[in-house]
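> curious how this folds, go ahead:
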Amino acid sequence: MEKSPSKENPEPTLGAYLKTLRGSRGFSLREVEEATDVSNAYLSQLENEKISKPSPHILHKLAGFYGIAYELLMEKAGYIKREPVAERSGRVAASSLGTISRDEETALLEYLSFIRSQKRKKGG
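A predicted model of the protein is given here:
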């Protein structure tokens, strides 16, 4: 279950999120620049909140490079609004997993079927 952000623990801004992603993966700004064709100066401005709403094209490049859901970056940049967890599309949830094997997909679908059957038994 996903927690909603609180005033005490707000979700990171787009810039902070990108900076954390880059740092956690051990990339320099120059390495991200080489892989995405987005200048390191622009990336630095994004990470330091000088640019808060980059183009969707830039976000798409960064999502692909970091292997994260494009929708997540679009949301953090303010282009789309977060839907309540219960109303999210399965594609958005699945895209956040990255590439999965056919066996993993089968196991996930079996588990989802199990969860739904349990809800039916409980009357929910």
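> quick one, domains of the protein?
14-76, 85-122 (automatic domain parsing).
> deepest-packed of those domains, please.
domain 14-76 (a mean of 16; mean count of other CB atoms under 10 Å). The way it works is simple: take the backbone N, C-alpha and C, and place the C-beta from them, glycine included.
> what's the average pLDDT for the top helix by length along the chain?
Criterion DSSP state H: the longest helix present in the chain is helix 102-122. For helix 102-122, mean pLDDT is 79.
> contacts for it?
With CB atoms under 8 Å, 6 or more residues apart in numbering as the contact definition, helix 102-122 has outside contacts at residue 100.
> I'd like the distance from it to the chain centre, please.
Relative to the centre of its chain, helix 102-122 is centred 23 Å away, using CA atoms, centre = their mean, to the nearest Å.
> what does stretch 65-74 give?
So, by CA atoms, centre = their mean, the centroid of stretch 65-74 is 4 Å from its chain's centroid.
> let the chain start at 41 from now.
Okay, using 41 as the starting number, the last item reads as stretch 105-114.
> would you mind measuring the gap between the ends of that stretch?
Counting by CA to CA, to the nearest Å, you get 15 Å between the two ends of stretch 105-114.
> for stretch 73-82, same thing?
Using CA to CA, the end-to-end distance of stretch 73-82 comes out at 9 Å.
> now the helices for this protein?
Under the criterion DSSP H, helices of the chain are mapped to 54-65, 69-76, 80-87, 96-106, 110-116, 130-135, 142-162.
> right, so of those helices, which gets closest to residue 122?
Taking CB to CB, helix 110-116 is the member of these nearest to residue 122, at 5.6 Å.
> just checking, what packs against that closest one?
Applying 3 or more CB pairs under 8 Å, 6 or more residues apart in numbering; DSSP states H and E, we find helix 110-116 packed against helix 54-65, helix 96-106, helix 130-135.
> how does it look with 7 Å?
Judged by 3 or more CB pairs under 7 Å, 6 or more residues apart in numbering; DSSP states H and E, the packing partners of helix 110-116 are helix 54-65, helix 96-106.
> so how far is the first one off the chain centroid?
What separates the centre of helix 54-65 from the centre of its chain is 12 Å, taken as CA atoms, centre = their mean.
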